[in-house]
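Participant: compute the structure for the input listed below.
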Amino acid sequence: MDLTDDLRALADAVGTATGPVVGVGSRTQFEVGDPVAPGCLSIHAPAGVVEFEPADLTVTVGAGTPCAALDAVLAARGQEVALDPRDPDATVGGVLAVGTSGPRRLRHGPLRDAVLEVRFATADGRLVKGGGPTVKNVSGYDLPRLLVGSFGTLGILGQVTLRSRARPAVTQWGSRAGGPDDRIVALAQPSSVLWNGRTTTVLLEGHAGDVDADLRTGDLQPATAPAFPDGPHRGRISVRPRAVANLAAELDATGCRWLAEVGVGTVHVASDDPADLAAARTAAHHVGGWLLREAGAPDLDGFGLDLPNAAIVHRLRERFDPDGKLAPGRMPLTPVVVPA
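Facilitator: Model prediction:
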């Protein structure tokens, strides 16, 4: 499939728009962070698999491709990309734009590590390529990583090349009562270790013999994947991994349901009352972390604190989008004054 004409049309639509624009996928993550300003023109990226090279472990797709559709194509050849959105209807471009890594980050690394090349539309209608299909062919600024997590404020993703990997022969969840201890630490390389204060659930992937050995080492019973906290008001806390235990004690007092990614420092929280989500943010601040609003709680600021790299973000947006045309309101724009 060749998306050249579609990409050019995407860039033209952005460049000729007389008002603000926002890249839109399936809207499964459209509430994450701050809401986009009203009155934006919705721009949709093309969908479809452009090229899949199983021998090279690379796949190129339109950013509007649903993650479930991409996974089906890769699965047919025994491969995968660990995008792992909570909603399979999420698009590849939407997942990358928001930049929230999936629950297998412990083993597969952050989401940005999967991105090799991007093609995106700038605010003035240019179609720009960054990165390359192989690492050794890349020079200059690492634009792919810059676009991941930019919430569509630097450019609108049109096409991406991702690094694929062999699909594991066996995937097995195991669980046991209590928190993670030395038995979990002794596991070879779990893909995910999740803890909700009562139960530790571990995702094991690999060859059958290795998975069975890890089940015995961790004293784990075969289980199903745990449910992530759900509710009308949701957030995602980021803390230092060693702070998760202290945070857990504070979260229990907020009334929020929570699930922590042990070893990563991501804690998913949900509540029925927006005040409880606000309390979870306060708890995160107490242990040196922060909470990103994912859904609900409309009066709660999306990010909750000044971004530590706010000065850099501001300078980048001045260069990429000086008129503030792309997804206005989606991310904090207030610059941080750096002392001379």
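Participant: for the rest of this, base every contact and every neighbour count on C-alpha atoms.
Facilitator: Noted.
Participant: now the strands for the stretch 201-340 of the chain?
Facilitator: Taking DSSP state E, counting those that start in this stretch, the strands of the stretch 201-340 of the chain run over residues 221-223, 233-238, 257-261, 266-271, 290-295.
Participant: in CSV: those, plus distance to Val14.
Facilitator: Below are the strands of the stretch 201-340 of the chain laid out as CSV (distance: least, Cα to Cα, whole Å):
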stretch, distance to Val14
strand 221-223, 48
strand 233-238, 31
strand 257-261, 38
strand 266-271, 35
strand 290-295, 27
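Participant: out of those, which comes closest to His108?
Facilitator: Put simply, out of the strands of the stretch 201-340 of the chain the one that sits nearest His108 is strand 257-261, at 13.4 Å, with distance taken as Cα to Cα.
Participant: quick one, strands of the stretch 51-200 of the chain?
Facilitator: With DSSP E, counting those that start in this stretch applied, the stretch 51-200 of the chain shows strands at 58-62, 79-80, 115-121, 127-131, 156-163, 165-166, 170-177, 192-195, 199-206, listed in chain order.
Participant: so what touches the first one?
Facilitator: Contacts of strand 58-62 with the rest of the structure, by Cα atoms under 8 Å, 6 or more residues apart in numbering, involve 3, 45-53, 70, 92-93, 133, 158-164.
Participant: so, low pLDDT: which residues of the protein?
Facilitator: Low-confidence segments of the chain (pLDDT under 70): 134-140, 306-308, 333-340.
Participant: which parts of it are helices?
Facilitator: Under the criterion DSSP state H, helices of the chain are mapped to 4-16, 67-75, 92-98, 105-108, 143-147, 182-185, 208-217, 244-252, 274-286, 310-320.
Participant: ranking those helices by mean neighbour count, which comes first?
Facilitator: For those, the stretch with the most neighbours on average is helix 92-98, a mean of 27; neighbours defined as mean count of other Cα atoms under 10 Å.
Participant: count the neighbours of Leu291 for me.
Facilitator: Residues within reach of Leu291, counting by other Cα atoms under 10 Å, total 29.
Participant: do Asp124 as well
Facilitator: Counted with other Cα under 10 Å, the neighbours of Asp124 add up to 19.
Participant: skip the chain neighbours and tell me the closest residue to it.
Facilitator: With sequence-adjacent residues excluded and distances taken as Cα to Cα, 6 or more residues apart in numbering, Asp124 is closest to Gly15, at 4.6 Å.
Participant: now do Pro232
Facilitator: Spatial nearest neighbour of Pro232, excluding adjacent residues (Cα to Cα, 6+ apart): Gly296 at 5.5 Å.
Participant: so the one you found makes contact with Val269?
Facilitator: No: when contacts are counted by Cα atoms under 8 Å, Gly296 is not listed as touching Val269 (12.0 Å).
Participant: what do these two both touch?
Facilitator: Counting by Cα under 8 Å, 6+ apart, the residues touching both Gly296 and Val269 are Arg234.
Participant: of these two, who's got more company?
Facilitator: When Gly296 and Val269 are compared for neighbours, Val269 comes out ahead with 28 against 20, by other Cα under 10 Å.
Participant: who does that one bridge with?
Facilitator: Listed by DSSP bridges, the beta-bridge partners for Val269 are Gly235, Trp258.
Participant: and for Gly23?
Facilitator: Gly23 has the following beta-bridge partners by DSSP bridges: Ile43.
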